[in-house]
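S.K.: Predicted structure and sequence below. I'll ask about it afterward.
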Amino acid sequence: MANRLQLNPAKSEILWCASTRRQHQIPTGPVRIGNTTVLPVSQVPDLGVHLDADVTMKAHVTATVRACFSALRQIRSVRRCLPRHALLTLIRALVVSKVDYCNSVLIGAPGHLLNRLQSVLNAAARLIFAARKREHITPLLHELHWIRVPERIKFRLCVLVYGCLHGTAPSYLAESLQLSTDVAARRRLRSAASPTLLVPSSRRSTLGDRSSPVAASRAWNSLPAAIRDTLSLLCFRQRLKSSLFQSSFTVSPVPVTALSPWLRRGHGTACRDLSYRYLHWRPLDVS
């Protein structure tokens, strides 16, 4: 093979990708590469991301949820011995980091898969505040200043686009994006004053709309112009997270009847403080 590399049959796998409706058309026989025969598989791991044949990312979500809940069970066993700041550090390092790792590949994923990832964040928030399973999760997430999973995916995708437009991302990613001002027919339009991206046409919403050029361009164009025009990456991340946080939670007072009975009764000092912060919408930024 090239570069004097030899194929290791024990560690080599081949994956045929197709839509769910065309899975029956995928060949199942072995593939011969040189003098080696490789059998096709239904999913393969690549740099920590599990890719499946139907490109639904179900295998990746399943592996991520399994690893996160395993870490939560281990943290729960020592929770009483840890102060609050140490508990937050452990959960960020062992749980939240796994949810956020390469989550931009989940753009356009089915809602039931994103709900499974959201259940990990919900369980982590309940572990931090020692809340019961049936307690309302919204005030806990708001107190932690955690945005939901769809907004987390959009955050990573927009930060990647920002790097492509400012020359800090790999060239193969930047070349897949095109500014609207680069098209001669759009230079005289009013929208040319704002750095929007040209959205490529796609044939299928299940696969084509999830491609990087299409999904990234739509996510970038959906941002307010004040955020897109930010010159500093740090300011861009702050403004973007604030905007996504507002879209994740309703920025209006919540009546006491909307809270669970456990929060209304105010069991404990921490619970009373949490109810007060939630009712007056004064989030504590610990992200």
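M.R.: Sure, I can see it. Predicted model, so just to flag it, every value in this text is computed and none were measured.

S.K.: where does the stretch 151-287 of the chain dip in pLDDT?
M.R.: Low-confidence segments of the stretch 151-287 of the chain, defined by pLDDT under 70: 182-194, 205, 250-287.

S.K.: swap the cut-off to 90 and go again
M.R.: The stretch 151-287 of the chain contains residues with pLDDT under 90 at 165-218, 221, 225-226, 228-231, 246-287.

S.K.: ranges for the helices of it?
M.R.: Using DSSP state H, counting those that start in this stretch, the helices of the stretch 151-287 of the chain run over 171-174, 212-221, 225-228, 233-248, 261-265, 269-280.

S.K.: Would you indicate which residues of the first one are buried?
M.R.: For helix 171-174, the buried set under the neighbour-count rule, 16 or more other Cβ atoms under 10 Å, comprises residue 174. The C-beta positions use only the backbone N, C-alpha and C, and glycine is treated the same way.

S.K.: What of the fourth one?
M.R.: Using 16+ other Cβ under 10 Å as the test for burial, helix 233-248 gives 236-237, 239-241, 243-245, 248.

S.K.: Equivalent analysis for stretch 203-222, please.
M.R.: Within stretch 203-222, the residues that qualify as buried are 207, 210, 212-221, counting by 16+ other Cβ under 10 Å.

S.K.: What's the end-to-end length of it?
M.R.: End-to-end distance of stretch 203-222 (Cα to Cα, to the nearest Å): 21 Å.

S.K.: Which residue is the nearest non-sequential neighbour of residue 164?
M.R.: For residue 164, ignoring the flanking residues on the chain, the nearest one in space by Cβ to Cβ, 6 or more residues apart in numbering is residue 174 at 4.1 Å.

S.K.: residues touching that neighbour, list them.
M.R.: Neighbouring residues of residue 174 by Cβ atoms under 8 Å, 6 or more residues apart in numbering: 164-165, 167.

S.K.: go with 10 Å
M.R.: Residues in contact with residue 174 (Cβ atoms under 10 Å, 6 or more residues apart in numbering) are 161, 163-168.

S.K.: likewise residue 21?
M.R.: Counting by Cβ under 10 Å, 6+ apart, the residues that residue 21 touches are 54, 206.

S.K.: SS state for it?
M.R.: helix (DSSP: H, G, I helix; E, B strand; the rest coil).

S.K.: all numbers from here: first residue = 14
M.R.: From this message on, residue numbering opens at 14, which makes the last subject residue 34.

S.K.: which of the contacts of residue 187 tops the neighbour count?
M.R.: Using other Cβ atoms under 10 Å as the neighbour test, these are led by residue 174, with 25 neighbours.

S.K.: Name the residues of stretch 59-78 that are buried.
M.R.: 62-74, 76-78.

S.K.: In helices, which of those residues appear?
M.R.: 71-74, 76-78 (DSSP state H).

S.K.: before we move on, back to that, any chance of the buried residues of stretch 216-235 in TSV, plus distance to residue 108?
M.R.: Converted to TSV, those look like this (distance: Cβ to Cβ, whole Å):
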residue	distance to residue 108
220	30
223	26
225	27
226	32
227	31
228	26
229	27
230	31
231	29
232	25
233	29
234	32
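
S.K.: between the residues you listed, which is nearest residue 209?
M.R.: Ranked by distance to residue 209 (Cβ to Cβ), the buried residues of stretch 216-235 are led by residue 234 at 4.9 Å.

S.K.: from memory that closest one sits against residue 209, does it?
M.R.: Yes - contact status for residue 234 versus residue 209: in contact at 4.9 Å, counting by Cβ atoms under 10 Å.

S.K.: which residues are in contact with both of the two?
M.R.: Here residue 234 and residue 209 share the contacting residues 193, 241, scored by Cβ under 10 Å, 6+ apart.

S.K.: per-residue pLDDT, the residue lying closest to residue 76 once chain neighbours are set aside?
M.R.: Nearest non-adjacent residue to residue 76, counting by Cβ to Cβ, 6+ apart: residue 63, 5.1 Å away. In this model, residue 63 is scored at 89, pLDDT.
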